[in-house]
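Sharing a model that was predicted from the sequence below.
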Number of protein chains: 4
Amino acid sequence: MAITGVLRPGHAVLRVLDLDESVHFYTEVLGLKETGRDKSGRVYFKCWDERDHHSFVIRKADRAGMDCFGFKVQNAAVLNTLEGRLREYGVVTERVPAGEMLETGERVRFHLPTGHLIELYAEKTSVGNGLGDMNPEAWLADQKGISPIRMDHALIYGGDIDGNRKLFEDVLDFTLVERVKLEDGVTDLATWLTCSNKAHDIAMVRHSEDNKLHHVSFLLETWEQVLRAADIMSMNRVSIDIGPTRHGITRGTTIYFFDPSGNRLETFSGGYQWYPDHHPITWTWDQVGRGIFYHDRKLNEAFLSVLT
Amino acid sequence: MAITGVLRPGHAVLRVLDLDESVHFYTEVLGLKETGRDKSGRVYFKCWDERDHHSFVIRKADRAGMDCFGFKVQNAAVLNTLEGRLREYGVVTERVPAGEMLETGERVRFHLPTGHLIELYAEKTSVGNGLGDMNPEAWLADQKGISPIRMDHALIYGGDIDGNRKLFEDVLDFTLVERVKLEDGVTDLATWLTCSNKAHDIAMVRHSEDNKLHHVSFLLETWEQVLRAADIMSMNRVSIDIGPTRHGITRGTTIYFFDPSGNRLETFSGGYQWYPDHHPITWTWDQVGRGIFYHDRKLNEAFLSVLT
Amino acid sequence: MAITGVLRPGHAVLRVLDLDESVHFYTEVLGLKETGRDKSGRVYFKCWDERDHHSFVIRKADRAGMDCFGFKVQNAAVLNTLEGRLREYGVVTERVPAGEMLETGERVRFHLPTGHLIELYAEKTSVGNGLGDMNPEAWLADQKGISPIRMDHALIYGGDIDGNRKLFEDVLDFTLVERVKLEDGVTDLATWLTCSNKAHDIAMVRHSEDNKLHHVSFLLETWEQVLRAADIMSMNRVSIDIGPTRHGITRGTTIYFFDPSGNRLETFSGGYQWYPDHHPITWTWDQVGRGIFYHDRKLNEAFLSVLT
Amino acid sequence: MAITGVLRPGHAVLRVLDLDESVHFYTEVLGLKETGRDKSGRVYFKCWDERDHHSFVIRKADRAGMDCFGFKVQNAAVLNTLEGRLREYGVVTERVPAGEMLETGERVRFHLPTGHLIELYAEKTSVGNGLGDMNPEAWLADQKGISPIRMDHALIYGGDIDGNRKLFEDVLDFTLVERVKLEDGVTDLATWLTCSNKAHDIAMVRHSEDNKLHHVSFLLETWEQVLRAADIMSMNRVSIDIGPTRHGITRGTTIYFFDPSGNRLETFSGGYQWYPDHHPITWTWDQVGRGIFYHDRKLNEAFLSVLT
């Protein structure tokens, strides 16, 4: 395989304050498809063009935020290998039995240096994208709401993002794609890492508090779909943080917005495709505004402070 | 590395009938950047967002067609490994010394069962995309013509495409993404293979004559850029084969057109991103028209017959 | 009023072979909204962003084609004035009583020199576009199918298109926007006329048989919506004549396709906006292909022969 | 003529602080074409698809702002008629001789109740859009910068916008398209008026100070061109006020930005087309934010305060 090891972000599990309101938001406004509920109260969703059973899960809780972020790996052997490498690296891992999460095989769990819970798994039931594997149409006719293509990545906040990066690079074979430097020109404020041809599969920002979520991101096909998404948000009075605009970092076009519980989400489109022989891109402190929001060229107040 | 082995198509070398006319076409109309000429008469080009010295090369000859198609591999060790695997598989390989192609390291050459010459290489001088690696702008302001993002893939014609597929899969770790079946429901008319998250890095169609080129393809960013490309072709009276339209296979939007020597090229955009856990898609013979040209739903005469 | 006299194309009445099949096609695939049926069997439709009760009407008949094409005029006084001018010009006119067509005021009917039946009317019930006149949203959330913005224009075929043009210009205050000349450089093969800022409100092609319809056209908002329309046509196995492509004439992007009865329709987008001080554009015979289909640069066989 | 009287906004004359810097900005960044300079120091520009000699003029002054805004009328007879109607209405008019403005016929000048200087004229040399009137290409290949299609409208600020509206409606045959009400539900905060199929040819906001300019607006073809415009602004470090975003009012997509002298400009695209039988749209005070900026749903600080 030329794509090996960790394949992609596979699921984000988020806490919400009101389950019914959230299910309505995620199905009718964001346009995910509900694919199941389990006895512990979790509700499972997938995006229209995803094949696996789910990529997004919510559960009711007293405060918003992200329980865990999962990555699908190539196969069971790779899962074992990565678990071994994590332990060898000094990381405590835990096995969650197959089926604890609906339609999902055994998961290997561990905490990042920033306190975030990460899961690796090799198996999740393929339910298909509704087009079939024979003579498919170009897209699914029956869609509603914003209807992203896939859950794409997350941006997390915490203290030891250097430790995070080292772990993702040395153990999970991720690669640095872009970084923002603090005023000292040495310390990373933020890093964007990939395990694929994507410009980012996970990103992280240095922050005083650990285990915080900045946003979970969903992919749209075009800039016109980004406009349509913003329109749908306005029609539904969804709180928009910023956008439509472009990131300098990754070049993607974007909207940041909030779910009813205050969890920040992103719908984005575009950006370049990355290869391992590309040089990482560095943003200096004086240009961080343009790096994050290419048109405004300054950070908005919320970017560094509003987290769940 | 989660992206390993063969990284991507790295260069296509095409024969043209008139060098000056072709250089004008490839720089002013297609909008590639000329990056060098060598003493053997080859002219080198790159697309604006490519980092390596060149991805497209032409040389004057009596008849049009493709001399060879090259893939960049991860590093020199991978190059050695892949050479060893090719030989073990029974393929005769040849080493071309570094520098024989401008700014390019040693290449390992071999012929596919369909007679096409393939090159693998690990080193090519990175000249950058003109934006730099520090605080880059979102795109290069100084572009002309159609100006694709990158050379993306080739579609080749020949007899033993089963042998090709087996070699690409077993030796070079490519994977089957889509296929079209002949009327017998068993034999492949065509296959699309990937070594990345792209829906295809190389494709092949079964044909009575070996070593033929159907097209070399260049990536555009959006469907609006596809329209702009078709407009520029018309303004320059470039011969368009078909398009703008959509492929059912890969879902990409596309134009097929011809360079002044009759080599077919493609500018395309979009399509889905592939992962190794996706099931390959199969098109049956009665749906091949819709698979190739999603809107016309029939093959045009040229598709199966006009080759170089 | 700076917009006076004839305002715009107001309705096309087409004959279809199977009413149920046609209603399904026009509502589910083209995505018009059915707004009523009358006792004579006519079914009425509107596009989502139109305010008036209907812009498209079908009735069952033994052969396809267009019964009549209607224009809305500024008010009842203008209707009287135009009727007077028509009669003075030597045209026989007929008054059809209010209500004969659902929710529509009195119509003044007459035949063009090419035999087509034209209707003028000043009143049609405004049912609104569903967004209201106070604090409207940007578009209607509840749409299905292709869902054009409005019925936009028609292209008719017949013998005396010079007479048509003279009548539209001299009596109805239309203006010539573009024309195609025959090989003699003198005779018009086709003309495009406007009564607004649109590049065309009606167009006509010289043809041996009178009273024929080439197509009725519906406006889409963007080139991406043109692609989506072509996709929806393919998903529903609608017969596409040509497209997506661009017209040289008007610059609009377009798809020609057929309803289940063989009536040609168009979904198009874009094109320039016209003002009375613009010079008309002339296309010479040798460039007619590029004028009609800007990318193919040749007429397809159907353009001059397939009519209803 | 079905389009009669006042045809369209024909020119805006703006004051700039530094002529060379401004010429560079308007030609290289906004991408207008300089078409002439006169002995009084005015520099003339046109957009690529405009036919007349100029639509935008700058002159050096000590403070930024707009000298006057001109409308082209149908012909000399209409100019005389409108002058007569203005005088009859009690407006003082002045004739400026032909040639005082380059390539422009006699102008009739008058002041609006808000103090703005308006000019009407019937003649301006047609220099064409560079495509010719015979067999034109779809667009001009040689463009640079943002390159809008045309100067489209202006938004002006002043006290007696009721008087403005009455004058535009009663004398110049403009029509109200949209309006925003103040908290009292009676008084207009702002009105959008048209003399064509456009959603607005001029707009005005109630303000304590007379004769102020909010922005002059330029039309782009698509939402993708709006993104490209914002990118070009960022590459050139142009000050962006807000955008890319959408207006609820007119539905257009937009960027507000500033020229080097602080004059606000707009590049926009889209929006609906208006007809005289449409009902005006009213926005209530509590929804004004969504009306002005559909996605942010609140006015930014600059909207009501930063003027020239």
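Received it, and whenever you're ready, just let me know what you need.

alpha carbons only for contacts and neighbour counts from here, please
Noted.

Am I right that A:S261 falls within a strand?
No: counting by DSSP: H, G, I helix; E, B strand; the rest coil, A:S261 is located in no strand; its state is coil.

Quick check: it touching A:M66?
No: the criterion here is C-alpha atoms under 8 Å, and A:S261 misses it with A:M66 at 11.6 Å.

Neighbour count for the two, which is higher?
Using other C-alpha atoms under 10 Å in any protein chain shown, the more surrounded residue of A:S261 and A:M66 is A:M66, with 26 against 20.

out of everything not next to it in sequence, what's closest to the more buried one?
Excluding its sequence neighbours, the residue lying closest to A:M66 (C-alpha to C-alpha, 6 or more residues apart in numbering or on different chains) is A:L14, at 4.3 Å.

just the helices in chain A please.
A:19-24, A:76-88, A:161-170, A:223-235, A:288-292, A:301-305 (DSSP state H).

quick one: the third one to chain centroid distance?
Right, the one you point to is helix A:161-170. On the basis of C-alpha atoms, centre = their mean, to the nearest Å, helix A:161-170 is displaced by 17 Å from the centre of the chain it belongs to.

Also the fifth one?
For helix A:288-292, the distance from its own C-alpha centre to the chain's C-alpha centre is 20 Å (C-alpha atoms, centre = their mean).

packing partners for that helix?
Using 3 or more C-alpha pairs under 8 Å, 6 or more residues apart in numbering or on different chains; DSSP states H and E as the contact test, no helix or strand touches helix A:288-292.

In that helix, which residues are buried?
Judged by neighbour count using 16 or more other C-alpha atoms under 10 Å in any protein chain shown, the buried positions of helix A:288-292 are A:V288, A:G289, A:R290, A:G291, A:I292.

residues touching the nearest residue to the fourth one once chain neighbours are set aside, list them.
In this structure, A:G291 finds its nearest non-sequential neighbour in A:G248, 4.2 Å apart by C-alpha to C-alpha, 6+ apart. The contact partners of A:G248, by C-alpha atoms under 8 Å, 6 or more residues apart in numbering or on different chains, come to A:R290, A:G291, A:I292, A:F293, A:Y294, B:P136, B:E137, B:A138.

Break chain A down into its structural domains.
The record's domain parsing of chain A by automatic domain parsing lists A:6-121, A:150-305.

Let's have those domains in a markdown table, adding distance to D:P148 and mean pLDDT.
Putting these into a markdown table (distance: least, C-alpha to C-alpha, whole Å; pLDDT from 0 to 100) gives the following:
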| stretch | distance to D:P148 | mean pLDDT |
| --- | --- | --- |
| domain A:6-121 | 34 | 98 |
| domain A:150-305 | 19 | 96 |
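
Looking at those domains, which one is packed in the most?
Among the domains of chain A, domain A:150-305 has the highest mean neighbour count (mean count of other C-alpha atoms under 10 Å in any protein chain shown), at a mean of 21.

That one spans what distance, first to last residue?
Taking C-alpha to C-alpha, to the nearest Å, the first and last residues of domain A:150-305 lie 27 Å apart.

ditto for stretch A:209-229
31 Å.

Closest residue of the stretch 51-200 of chain A to chain C?
A:E137 (6.5 Å; C-alpha to the nearest C-alpha).

Give the full set of residues in contact with that residue.
Here A:E137 is in contact with A:L131, B:G248, C:M235 (criterion: C-alpha under 8 Å, 6+ apart).

now do A:K46
So A:K46 contacts A:L32, A:K33, A:E34, A:T35, A:D52, A:H53, A:H54, A:S55, A:F56, A:R150 (C-alpha under 8 Å, 6+ apart).

I'd like the residues you listed written out as a markdown table, with distance to A:V92 added.
What follows is the contacts of A:K46, written out as a markdown table (distance: C-alpha to C-alpha, whole Å):
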| residue | distance to A:V92 |
| --- | --- |
| A:L32 | 34 |
| A:K33 | 34 |
| A:E34 | 33 |
| A:T35 | 32 |
| A:D52 | 28 |
| A:H53 | 28 |
| A:H54 | 26 |
| A:S55 | 25 |
| A:F56 | 25 |
| A:R150 | 30 |
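
Near chain C, list only the ones from those residues.
Among the contacts of A:K46, no residue lies close to chain C (C-alpha under 8 Å from any C-alpha of the partner chain).

Chain B contacts on the stretch 201-308 of chain A?
Residues of the stretch 201-308 of chain A lying close to chain B by C-alpha under 8 Å from any C-alpha are A:222, A:248, A:251, A:275-284, A:287, A:291.

what about 6 Å?
The stretch 201-308 of chain A comes close to chain B at residues A:R251, A:I281, A:T282, A:W283, as judged by C-alpha under 6 Å from any C-alpha of the partner chain.

What's opposite A:K46 in the beta bridge?
Beta-bridge partners recorded for A:K46 (DSSP bridges): A:K33.

Run through who's touching the biggest strand by length in chain A.
In chain A, with assignment by DSSP state E, the single longest strand is strand A:6-16. The contact list for strand A:6-16, computed with C-alpha atoms under 6 Å, 6 or more residues apart in numbering or on different chains, reads A:55-61, A:64-73, A:261.

now do stretch A:199-215
Residues from elsewhere that reach stretch A:199-215 (C-alpha under 6 Å, 6+ apart): A:114-116, A:153-159, A:161, A:189-194, A:250, A:264-265, A:273-274, A:307-308.

Out of these, which sit inside strands?
A:153-158, A:189-194, A:264-265.

interface residues of the stretch 201-308 of chain A facing chain C?
By C-alpha under 6 Å from any C-alpha, no part of the stretch 201-308 of chain A sits against chain C.

how close does the nearest residue to A:G243 once chain neighbours are set aside sit to A:L227?
Excluding the flanking residues, the one nearest A:G243 by C-alpha to C-alpha, 6+ apart is A:I255, at 4.3 Å. Distance, A:I255 to A:L227, by C-alpha to C-alpha: 9 Å.

Noted, bye for now.
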